[in-house]
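> structure here, sequence nowhere to be found:
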């Protein structure tokens, strides 16, 4: 299936950009006329993925975070968040709720949130090379309101 | 983004506002903890009514404050959660750590 629209952006992994990343995806997805809840789910999932890049992939360093978002005719949204950071040794373990490698105040819920707020989640990672998180969500088609 | 702190009869209320993510949580945590560690309230109320967005960093923020309050046997109440934040809070299953209720009183 060919996307009807697509956007890509990249930005440095400073924590100030977390809000920008999720707002940019949210603004792009808005053209599918999602509900407030659907948009909030996507925003939250993107925020988790971007935070993972900052906190884990580029820990103690600044690297580039790449986001691609595609919209399909059937109302499906695909968001891909990619980094060239440290990668994940054991993806299955990393995806377990409450698993965290960090002391401090990470709840260890990042992947659990992505999983439950989106319809599909796929994580591909190569230690030392980076991680690609691909998420999909169907936006329910609603009849157009004329007036 | 910000926090307004109100101390009344041994109860510290933190009225949070704006977007809570990994970036903003750091500052919120600093402000709440500075006051809480000084006054050691018997109860900390986290009021989310003015929060527009929250990811799992907000869950970490709640969990961390519960841990802090336990140091002097204080409790934490999470109140006035907007509907769009309820989903992430229920996913985290915080009920064992703190009291979650609708109203502030």
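Perfect, thanks for sending it. Just so you know, these numbers come straight off a predicted model, no measurement behind them.

> can we go C-alpha only for contacts and neighbour counts from here?
Will do.

> what's near enough to touch residue A:137?
Contacts for residue A:137 (Cα atoms under 8 Å, 6 or more residues apart in numbering or on different chains) come out as A:42, A:76-78, A:118-120.

> list the beta-bridge partners for it.
For residue A:137, the residues forming beta bridges with it (DSSP bridges) are residue A:77.

> so what pLDDT did it get?
For residue A:137, the model assigns a pLDDT of 98.

> before we move on, what about residue A:147?
So residue A:147 comes in at 52 (pLDDT).

> contact residues of chain B facing chain A?
Residues of chain B lying close to chain A (Cα under 8 Å from any Cα of the partner chain) are B:21-23, B:53-57, B:59-61, B:63-64, B:84, B:88, B:91-92.

> at 10 Å instead, please
B:19-26, B:29, B:52-65, B:83-85, B:87-88, B:91-92 (Cα under 10 Å from any Cα of the partner chain).

> secondary structure element for residue A:46?
helix A:36-52 (DSSP states H and E).

> could you do residue A:97 as well?
Using DSSP H and E, residue A:97 sits within no helix or strand.

> what mean pLDDT does the helix or strand containing residue B:63 have?
Residue B:63 belongs to helix B:56-70 when elements are defined using DSSP H and E. Across helix B:56-70, pLDDT averages out at 96.

> and the next helix or strand past that helix?
That would be, after helix B:56-70 and using DSSP H and E, strand B:75-79.

> secondary structure element holding residue B:31?
Assigned by DSSP H and E, residue B:31 falls in helix B:22-39.

> buried stuff in that helix?
For helix B:22-39, a neighbour-count test (16 or more other Cα atoms under 10 Å in any protein chain shown) marks B:22-25, B:28-29, B:31-33, B:36 as buried.

> stretch A:90-104 now?
Quick answer for stretch A:90-104 (16+ other Cα under 10 Å): A:94-95, A:99-100.

> what of stretch A:41-61?
By neighbour count on 16+ other Cα under 10 Å, the buried set for stretch A:41-61 is A:41-58.

> so that stretch, near chain B or not?
Yes: Stretch A:41-61 is in contact with chain B by Cα under 10 Å from any Cα, via A:41, A:43-48, A:50-52, A:54-55.

> reformat the buried residues of stretch A:90-104 as a markdown table; add distance to chain B.
Shown next, in a markdown table, are those (distance: Cα to the nearest Cα, whole Å):
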| residue | distance to chain B |
| --- | --- |
| A:94 | 15 |
| A:95 | 14 |
| A:99 | 13 |
| A:100 | 11 |
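
> what's the most distant pair in those?
Comparing all pairs in the buried residues of stretch A:90-104 by Cα to Cα, the longest separation belongs to A:95 and A:100, at 9.3 Å.

> what about the nearest residue to residue A:127 once chain neighbours are set aside, neighbour count?
Among residues not flanking residue A:127 along the chain, residue A:87 sits closest, at 4.1 Å (Cα to Cα, 6 or more residues apart in numbering or on different chains). If you count neighbours by other Cα atoms under 10 Å in any protein chain shown, residue A:87 ends up with 21.
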